[in-house]
Each structure stands twice: as C-alpha cells, then as structure tokens.
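Asks: quick one: sequence plus predicted model below, questions after.
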Amino acid sequence: MSNVVLETENLEKVYAIGRRKIKAISDVNLRVNKGDFVAIMGPSGSGKTTLLNLLGCLDRPTNGKVVLDGVDVTRVPEKTLWKFRRYKIGFIFQTFNLLPYLNAIENVELPMEGTGKSKEEMRKKARELLKLVGLAERENHKPLRLSAGEQQRVAIARALANNPAIVLADEPTGNLDSKTGYEIVRLLGKLNIEQGTTIVMVTHDSHKAAHAGRLLFLSDGKLLAKEKQGTHLLKKELVCPYCGREIQPDDAFCSSCGKKL
Amino acid sequence: MAIMISIPAGIMANQKAAQSIIENYNNTITSMQEEINKTSTLIEVSASSRRGMFSGAPSGMPFPGFEQEETFINATVVDEISTIEGVKDIVPFLEVSSEETTEETMSTPRGSFTISRPVYTITGICLNSTLIDSYSILPTNVIDGRNLTEGDSGVIVISLNLSDYYGVYVGDKIEVYDETFKVVGIYNSTARTVYMNITDVQRITDNVGNVSRLDVYAQDISYVDNIAEVIEAAYPELYVTTYEDRLANLERMQEMYETTLENAESTISQTQAVAFQEILIAIVATSLIVLFIMLYTVRERTKEIGVLKAIGFSNWNVMSQFILEGILLSAMAGGVGTLMGIVGAPVISSLLLPSVNPFSTQQSGFPRQNINFGTALAQSVTVTPDPQTLLLAFGIFLLLGALGSLYPAWRAARTSPMEALRYE
C-alpha cells in the first residue's frame, strides 16, 4: 500500500454570491504522507477553512478529487460519507465544540457510539486517550469546569477515538493564549512522533506553524509552490532545532540552549 | 392530555347515566305492567282525582301551590257497592295529610314562591287477615321491625325517609294528630308515608265511617266493566279506574318517557360531537406544540448537530436522537397530564361537556315517586377515568410526540455539517 494518506487533484471550490462567483479554492494539489505533520498557513480569507472542510468530507468540491486512504471521496454518495468522517478523519476545531452536557470521558466516547464497541471497551479506550493528552485526572469534569487548553486536549482525544487515518485541525490554537497554544502544538507534535498520527493543521500563526514538519502556504485559494520545513522534523530526530544538541521527546525547553521547543 | 382523558371519561359518565336512566325506566315500566296485569280484576274507586294510579304510592300535589280539598267516601257506600253482582272483595283505604306542614320554595320560570305542604301522608289500611293475605295492601320492603297485622292498634309502620327525617326508629313513639303511636316497623322507601290501622286514622282525624278510596275486586274479569258502570252511575262524584284505564294511563306515560329519552339521546350525540371536536383540537394543539418545541430545539442546537455530524454521526443517528427526545418530552408531559387528568377529570369534563339530565326540565309533570331521580342525577356527574382511557390517552400522546418531532428531526438530520458548524 502506498504511503499517501491524503491527496488532492486540481481541487476547486466556487461559491456563488448572487450572480458573482468566487473561487475560494483553486488548483490545489496536495499530498500528505503517512506520519506527516503539515501546517497550512495563510491570512484570513485565503481559503484555509474551506480547504480543510473539503479534506474533511464536510463539504463537496466544485471540481477535482480528494483521495482519502485510497478512496476518491468526491464520488462517495452523501448518504455514506459519514463513515469516512467517523473512521478516517479526526476533527479538531478552533472552538473545541465539546458537548457541554457530557463530561470529558463521555465526550471522548461520543465518536465510538454505534461502532459496535462495548461500553467497557469504549471506556477503556477513552481513558487511554485522556491519559495520552494528559487529562487522566479530569475525566469526570464537564467542559465548563475545564480550562480552554484542557478542553482542546479533550477535543484532541475525541478526534483520535476511532484511530483515524488523518487528524484535521482547524486553527486549534486560535482560541487559546500563547502559552497554552504552544502546549497544544507540542501535544500534536508529540502525538505525531509517538503515535505516528498524521496531522494537517490550518493556522494563520506562523510561530506555531513553524513547529510543524511541513509548512504550506495558501494565498487567495491557491497553494504556493514553495514548501518550508519546520522545526518539528529535527525534533522528531530528538535534536534541538536551535543548537543541535540532543533532547528528550517530552522536553518543553532545550536543556542545553534553554530555548522553547 | 388532561383534556384527552377528561372528555372520554365525561362521555362515558354521561352514557352510564343515560344507561341507568333507561334501565330505570324499563324496570319501572315492566313492574307497572306486571302490577297492572296482576290486578286485572281491580277497580279503583276514589273520592278525588289526585290519587296516583297504584296502591301504596304516596299522594302528592299535582300542581304546586294549590290546596287540595280532601273529600271522603262514606262507609255506607261500601256496603252498597258490596251488593253489586260480581264483587268479590272491597279493600277500603283512608288517606289523610299530616297536620304538620313544611315550607317549600318552588322555583318556576315565572319566579319562585313559597308553599306549604304536608310533611307526610297517613294511610289507613283495613287490617283484615283475609284481605292482607289476598291482596298486596301492606307496605312492602319492611327492613326493620315488623309489618302491620290484624288487630294492630296504636302502632304504625313508617318509611325510611320519614324515619330519617324525624330520627325515629323501631320502638320509638311519635305523635300523630295528638295521639301517640309506637313505631313497629320501617319500610324502605323514599316516600313519606305512615301506615296504620284504618280505624285509628278514622278516630284521630274525626273521620269515623269515612274512607278515601276503595279497591274493589271483581270475582272475574268479565264483571269488571259492569261493576265500574254501576258504580259510576250510582255515584257520579267518585272516580272509577279499571284495568283498561290504567293500561291507557301507562301508555300515555310510556310515550312521555320515550320522548324524554329521545331528547336525552340527542343531547348525548350532541355532546359527543362537541367532545370529538374538542379532542381533535387537543390533538392538533399537542402535535403543534411538540413540533414547535422540537423545531426550536433543533435550531438551538444547530451547532451541536454540526459537531455530531463532523465526528461521524449518520443522518439516521441524528434523526433518531431527536425523535427520541420528542417522545421523552411528550412522555414527561404525558405523565403530568395523566395526573392532572385523574385529579381534574370531574372538574374539567363538567366544564367542557354538558352533563345529560333528561328529566331535569320535566320533573314536575312526572309521577316522581316511580323513578329514583336522586341516583340518576348523581350518576350523571360522577366522572372517573378508567385505566383503559388513561393508557389509551398516554399512548396517543407518545405517538403525537413522535409525530410532532418527525419533521424537526428530519430537518436536523439534513443540516449540512459545515453550515451547522458555522452557526452560532
């Protein structure tokens, strides 16, 4: 099997506003390999969210293909598209979007409802995931009693519930303060390193994007040809991207140069 | 919900009331018929027209507000009638109103006025053992003490109604026309009548030698017409009723009853039409309420629907979720409504439905002693919902809940996840 998880071919999305047609996305050719941590950057209005919705099967492109795990989802009928959303994709939102009347662990279990897993299996898996995002102690808290960063961690755990092929994150740090935002990005990086989770993150914050592996730039709906490497790739090799000395995967700061990782 | 329980309960109560009135009527007619048939050789002779058709019935004023003059037949007439050919027996009665009177306020369409009427009727019976054995002249249904027998004097048998009215029981003494009588028996009746030896009545009311009515028995039915003719010819001032007259009376009465029942039935069918409309309105209102609540809920939770769909809920998952919520909503409301229905059914149904009481307007024209109006009226207002009605109403309610949430749920399921996520 090929190493490609997600691939788009001449992706185009046109919105009609009155008689005017606006190209939100055009000619996007993107390839995400297994284990990639991709950040798509661009100013607001550049079509980042539109692109992510197309990739996440929440919206249909006007033209072009989205191939997810070897299947052209643009040809999958609306009726069965939910299966791809459930089993292939994990979504992380800017506003977390946890259900307020469910506690943390129930929110994580939600995508597993109706997958045939028993109550105990669901509970066990949800516990593992909460532990992975560092919230093992808070599984019975309702979202309102969690901090914003904690809520986003729950949302990340929820996105991983059905072992998706790819995690799509739409401005995951947009509603967080800078420090918490870095923590979330580091958590995504850690998941990418330790679990091999494939992540596509959309952001307009270049500092946070720099922590990803691959940096792509979206401008006026078009993907720019230049692609940059982020610091993540070096971290993946357990080397400090600033001084080149050895680091541990859990380190928040480089023990040698003291810079924030 | 409460309405849906109350109205059928109200209808059923009305139907039960009407049913019992019809049964009552049928029983009355049948027993009258039987009595008339049994007494085919009886010729009733009375001094005034006010007498009811049957022995044992208390006399009442035919029209309220008019004093009735009491007239009597002299005992010599009895001897003369006994010489007519074919006469087998003559049973004399003496009926006198009590001295004591009560004030009663009568309401008529022309206003209300007060009249005074005697508290009870005294009926004197000829206590001859042969007559007692041959004919039913004593009060029936003695429930306490004993009945009158030959040779009794200074003792009385009173009706249960009168016993309650005065608070006297078997063994007590009561004063009638300034003479003290001992109560030896109580018979079950709503009438207010005192039975005693005819000679006692004649003595205390200064009517020695007088009777107020005679039951003349012919040896054979073939003599009846002849005897009646002879009596009418000899004593034109007396009222003579034969088997045939009584039968004709019964027929007239039957016709009156039937008209009344027809009226009652049309009232019931009208009531049912009204009830049907009300139930229909209740059903439509319920469905609309559920519909609007669920539409509002779906709108309110658009974002949540978007999230659920984004994390992989199918349309059916979302739809069933909202239908379930609609059913739960109406189940809770239904529970409250059922309680309200159980507690409030009598009140609500009497507010929503007229209760059937066919005799209320024509009571004064009826020989009221023959039908127990008290019970008929009481039954027409007792509304208690039975478990079947409750269960049915609850079931319908759940169905309406499901029905009302169908469209909102479908809308929720069809919501585009992307649009829904953008919704704030």
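Replies: It's in.
Asks: what is the burial count for the closest residue to chain B within the stretch 1-150 of chain A?
Replies: Proximity of the stretch 1-150 of chain A to chain B (CB to the nearest CB) peaks at A:R86, 2.5 Å away. To be clear about C-beta, it is placed using only N, CA and C from the backbone, and glycine gets the same treatment. For A:R86, the neighbour count with other CB atoms under 10 Å in any protein chain shown is 25.
Asks: these two touch, right, it and B:I311?
Replies: Yes. The pair A:R86 / B:I311 is scored as a contact, 7.1 Å apart, by CB atoms under 8 Å.
Asks: care to break chain B down by domain?
Replies: B:2-6+B:263-422, B:42-219 (automatic domain parsing).
Asks: show me what contacts whatever residue of the stretch 251-400 of chain B ends up closest to chain A?
Replies: Proximity of the stretch 251-400 of chain B to chain A (CB to the nearest CB) peaks at B:G312, 2.5 Å away. Residues near B:G312 by CB atoms under 8 Å, 6 or more residues apart in numbering or on different chains: A:W82, A:K83, A:R85, A:R86, A:Y87, A:I89, A:P111, A:N162.
Asks: I'd like those laid out as a markdown table, including secondary structure.
Replies: Shown next, in a markdown table, are these (DSSP: H, G, I helix; E, B strand; the rest coil):
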| residue | secondary structure |
| --- | --- |
| A:W82 | helix |
| A:K83 | helix |
| A:R85 | helix |
| A:R86 | helix |
| A:Y87 | helix |
| A:I89 | strand |
| A:P111 | helix |
| A:N162 | coil |
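Asks: ok so, going back, overlap in contacts of A:R86 and B:I311?
Replies: Common neighbours of A:R86 and B:I311, using CB under 8 Å, 6+ apart, are A:P111.
Asks: ranges for the helices of chain B?
Replies: B:2-38, B:75-82, B:129-134, B:160-166, B:198-204, B:224-234, B:243-300, B:302-310, B:315-352, B:373-381, B:387-414, B:417-422 (DSSP state H).
Asks: tell me which of those helices is the most buried.
Replies: helix B:302-310 (a mean of 23; mean count of other CB atoms under 10 Å in any protein chain shown).
Asks: near chain A, which residues of chain B?
Replies: Proximity of chain B to chain A, by CB under 8 Å from any CB of the partner chain, involves residues B:303-304, B:306-315, B:317, B:416-418, B:421.
Asks: the same query, at a cut-off of 10 Å, please.
Replies: B:301, B:303-304, B:306-318, B:414, B:416-422, B:424 (CB under 10 Å from any CB of the partner chain).
Asks: who touches stretch A:15-25?
Replies: The set of residues external to stretch A:15-25 that reach it, using CB atoms under 10 Å, 6 or more residues apart in numbering or on different chains, is A:8, A:11-14, A:45-51, A:53-54, A:59, A:61-64, A:218, A:220-223.
Asks: next, the angle from the longest strand along chain B to helix B:224-234.
Replies: Counting by DSSP state E, the longest strand found in chain B is strand B:87-97. For strand B:87-97 against helix B:224-234, the angle between stretch directions is 50 degrees (axes from the mean of the first three to the mean of the last three CA atoms, to 10 degrees).
Asks: show me what counts as buried in strand B:87-97.
Replies: Of all the residues in strand B:87-97, those buried under the rule 16 or more other CB atoms under 10 Å in any protein chain shown are B:V87, B:D89, B:I90, B:V91, B:P92, B:F93, B:L94, B:E95, B:V96, B:S97.
Asks: tell me which helix or strand of chain B sits lowest on mean pLDDT?
Replies: In chain B, no helix or strand scores lower on mean pLDDT, DSSP states H and E than helix B:373-381, which sits at a mean of 42.
Asks: so where's the stretch 1-150 of chain B shaky on pLDDT?
Replies: For the stretch 1-150 of chain B, the stretches flagged by pLDDT under 70 are B:1-2, B:48-70, B:106-111.
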